[in-house]
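Participant: sharing a model prediction with you, sequence too.
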Amino acid sequence: MIRKIITIDEEKCDGCGLCVPSCTEGAIKIVNGKAVLAADNLCDGLGDCLSECPKDAIKIIEREAEAFDEAKVKQHLSANASEKPHHGCPGMQTRTLSTAKKPTSSSASAEKQQSMLGQWPIQLSLVSVSAPYFQNADLLVAADCVPFAYADFHREVLAGKALVIGCPKLDDNQFYIEKLTELFKVSTIKSVTIIRMEVPCCNGLTMAVKRALAASGKEIPCKEMVISINGELL
């Protein structure tokens with residue numbers, strides 16, 4: 001049958017793997033450093049992966065292709081669920097970390113400081129909105145300068161939260177709005193904490209979260225923390 005389906009330009013593709021987690025059907029994989037369509041019947045032709053490709057290597061075309069098969073998709077996802085493979089850049093693999101611990105009442109001088117990071121990746125541009133650590137989670141949206149300025153970031157702020165970081169000055173804030181909107185829609189976020197620097201441009205992170213919450217149609221408790229340049233909580 002002739003139908004819409006994605007095609008991937010091998011010359012443009014750099015194998016970054018951003019398209020892989022964006023395909024909820026698992027139709028894309030990385031082979032020999034390039035994104036490829038795993039099987040025609042796994043692709044619904046809607047093109048959710050298009051916006052994730054930084055090289056504009058993915059297009060929707062019409063060609064002879066096997067019909068999209070939801071049953072095959074379920075079998076495919078089920079077969080790979082236990083292995084949780086990631087065929088893109090190893091640094092983008094979705095992981096829940098076992099190193100994160102709840103803070104103790106012991107003084108900081110009496111023990112080695114413990115990381116409270118509970119997942120990877122953390123950059124908003126790289127996280128998968130369907131990652132398991134976003135389910136029933138308290139979300140921390142942090143400006144990426146904050147952990148350097150605020151000494152107690154791990155113990156007082158990060159512990160027990162799922163984390164995304166970004167810089168509204170250097171990155172595309174509209175992309176942040178769209179990514180956060182999708183995150184709020186598909187996950188079960190319980191609360192949102194925004195922590196940013198006092199500089200005016202950093203307020204763009206707060207704006208992105210608020211617009212995303214409004215666009216998602218969900219009412220999620222949200223609070224903001226502001227850190228001064230000299231590391232004080234304002």
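Facilitator: Good, I have the coordinates.
Participant: next SSE downstream of the helix or strand bottoming out on mean pLDDT in the chain?
Facilitator: Among the helices and strands of the chain, strand 95-96 carries the lowest confidence by mean pLDDT, DSSP states H and E, at a mean of 63. Of the helices and strands lying after strand 95-96 in sequence (DSSP states H and E), the nearest is strand 119-120.
Participant: strands paired with that following strand, and their directions?
Facilitator: Here strand 119-120 has these sheet partners by DSSP bridges: strand 95-96 (antiparallel).
Participant: what pLDDT does Q93 get?
Facilitator: Per-residue confidence (pLDDT) for Q93: 59.
Participant: can you check A100 too?
Facilitator: At A100, the pLDDT recorded in the model is 50.
Participant: and C43, what is it in contact with?
Facilitator: Contact analysis of C43 by C-beta atoms under 8 Å, 6 or more residues apart in numbering lists I5, I6, C23, E25, A27, L37, A65, F68. Placement of C-beta: from N, CA and C, glycine included.
Participant: narrow those to those in strands?
Facilitator: Among the contacts of C43, the members found in strands (DSSP state E) are I5, I6, L37.
Participant: dump those residues into a markdown table; add neighbour count as well.
Facilitator: Written out in a markdown table, the entries for the ones in strands among the contacts of C43 read as follows (neighbours: other C-beta atoms under 10 Å):
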| residue | neighbour count |
| --- | --- |
| I5 | 21 |
| I6 | 24 |
| L37 | 17 |
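Participant: of these, which is the nearest to D172?
Facilitator: Of all these, the one with the least separation from D172 (C-beta to C-beta) is I6, at 23.2 Å.
Participant: I'd like the distance between the closest one and R63.
Facilitator: With the distance defined as C-beta to C-beta, to the nearest Å, I6 ends up 10 Å from R63.
Participant: show the low-confidence segments of the chain, by residue range.
Facilitator: With pLDDT under 70 as the threshold, the chain has low-confidence stretches at 80-111.
Participant: all helices of it, in order?
Facilitator: With DSSP state H as the definition, the chain shows helices at residue ranges 19-22, 70-81, 146-149, 173-186, 203-216.
Participant: how far does the third one sit from the chain's center?
Facilitator: Meaning helix 146-149. Chain-centre distance of helix 146-149: 21 Å, with C-alpha atoms, centre = their mean, to the nearest Å.
Participant: please apply the same query to the first one.
Facilitator: Here helix 19-22 shows a centroid-to-chain-centroid distance of 10 Å under the convention C-alpha atoms, centre = their mean.
Participant: could you do the fourth one as well?
Facilitator: In this view, helix 173-186 has its centroid 9 Å away from the chain centroid, taken as C-alpha atoms, centre = their mean.
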